[in-house]
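Peer 1: Predicted structure and sequence below. I'll ask about it afterward.
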Amino acid sequence: MNPSVLHVYRTYFPDPTGGLQEAIRQIALATGAEGVANTIFTLSPQPDPAVLLQPEALVVRSRSWMAPASCDIGGIAAFKTFVRLAGEADVLHYLFPWPFADVLHVLTRPDKPMVLTYISDVVRQRWLGAAYAPLMRHTLRQARVIVANSPAYARTSPVLSHPDICGKVRVIPLGIEESSYPMSGDDTVFNRLGIKANEPYFLFIGVLRYYKGLHFLLRAAKNLGGKIVIAGSGPEGARLQALAASEGAGNVIFAGQVSDAEKVGLLKRCRALVLPSHLRSEAYGMVLVEAAMFGRPLISCEIGTGTSYINAHEETGFVVEPELPAALTLAMNTLLNDDALSAEMGKAARKRYEKFFSGPALGRAYASLFREVAGLA
């Protein structure tokens, strides 16, 4: 017998995309293949329609009335909807942290076992973290199991390594079901970006946020013998383009937001995927898994999170010191000038994906956990 699971997070597709929404989608797809029945409860500034039947899950949305510090907050309707959905589920699965979910849980007191996937410590909003800490500790104590996405994060997080919490922690890496991605990319993106056939380039994909370390990548570009494509949009976009101009980084191409098919095209042909994030707000880095799935080498920074679990140094790519443009330049130029090494690391990245981050690996691990906490194992 398989359980029904209610996944709870502040935002979900089709609202603006991000790595965590994709992580939820992949967990639902992978566990669905194992027989788990999945429902996703989320908030949206425009929840019309309120119910969406997606391939991965039934998505139920209530209105987000405000989102201070990226913490979406709902109203009475959200409480009513959550109570109904929780009553129908065998297991509650919270993506953490989202303080409004803590409030939902503590006020409605659902009589169902809770699994909590711990995505990230509160890094930047320290005032919020201090105010949130008592409620957070209450929720953590209530959880049956707390999932960390990598051994490094379980070890280095002051929350997960706390003596009162660490006994509940298990590691399940986030992953991707390969069939959920288009396998043939949209190669028209290369004409749009002015990239010639067989011309090597390095690729960054993601939301342009403060912790992504892109200002270090722009400084690294000056001494690089190839191009860098930065795909995505976000709050740092205008500042980064101005910095690129002032640094004379004419080999950097800002692609803007790309479609899924364009993203696949860019991933399949890049020399390597570069994720220069320099702060622990980058708790995992799903884009590294995406690139590994397509057999591309990886370049990332050592920040004590899941990025260095996905990218094994000198095996699947290079893990370099953060905030050091020269280290990024050296790693990129090494791969640019050594075709054999680039191909070898790409194959190793694909092999590591298949072992740890594939859809079947993700589905088996989470489905087994959900059955266990539901008493169905």
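Peer 2: Structure's in. What do you need? Residues are numbered from 1 along each chain as shown.
Peer 1: count of residues packed around Phe190?
Peer 2: A count of nearby residues for Phe190, using other C-beta atoms under 10 Å, gives 19. Using the backbone N, CA and C atoms, a C-beta is placed for each residue, glycine as well.
Peer 1: Now do the domain split for the chain, please.
Peer 2: 4-177+358-373, 180-357 (automatic domain parsing).
Peer 1: Ends of the shortest one, what's the gap?
Peer 2: Terminal residues of domain 180-357 are spaced 14 Å apart (C-alpha to C-alpha, to the nearest Å).
Peer 1: switch to numbering from 36
Peer 2: Okay, using 36 as the starting number, the last item reads as domain 215-392.
Peer 1: mean confidence score for it?
Peer 2: Averaged across domain 215-392, pLDDT comes to 95.
Peer 1: Just checking the distance from it to the centre of its chain.
Peer 2: 15 Å (C-alpha atoms, centre = their mean, to the nearest Å).
Peer 1: Over to the longest one?
Peer 2: Its chain's average C-alpha position is 13 Å from that of domain 39-212+393-408, according to C-alpha atoms, centre = their mean.
Peer 1: how long is that domain from one end to the other?
Peer 2: 12 Å.
Peer 1: What lies in contact with the host helix or strand of Ile334?
Peer 2: For Ile334, the host element (DSSP states H and E) is strand 333-336. The contact list for strand 333-336, computed with C-beta atoms under 8 Å, 6 or more residues apart in numbering, reads 237, 248, 307-313, 320, 323, 326-327, 342-343, 345-346, 351-358, 363, 366-367, 370, 380, 384.
Peer 1: and Arg144, how many residues sit next to it?
Peer 2: 10.
Peer 1: separation between it and Ala113?
Peer 2: 16 Å (C-beta to C-beta, to the nearest Å).
Peer 1: repeat for Ala378
Peer 2: From Ala378 to Ala113 the distance is 50 Å (C-beta to C-beta).
Peer 1: Comparing those two, which residue is more hemmed in?
Peer 2: Ala113 (23 against 13).
Peer 1: How about the contacts made by that one?
Peer 2: Ala113 neighbours (C-beta under 8 Å, 6+ apart): 78, 97-98, 135, 139.
Peer 1: again, but for Arg96
Peer 2: Residues in contact with Arg96 (C-beta under 8 Å, 6+ apart) are 47, 76-79, 82, 84-87.
Peer 1: Please work out how many residues are found near the closest residue to it other than its chain neighbours.
Peer 2: Sequence neighbours aside, Pro82 is the residue nearest to Arg96 in space, at 3.8 Å (criterion: C-beta to C-beta, 6 or more residues apart in numbering). Pro82 has 21 neighbours, counted by other C-beta under 10 Å.
Peer 1: Ok, Gly267 next?
Peer 2: Other residues close to Gly267 by other C-beta under 10 Å number 22.
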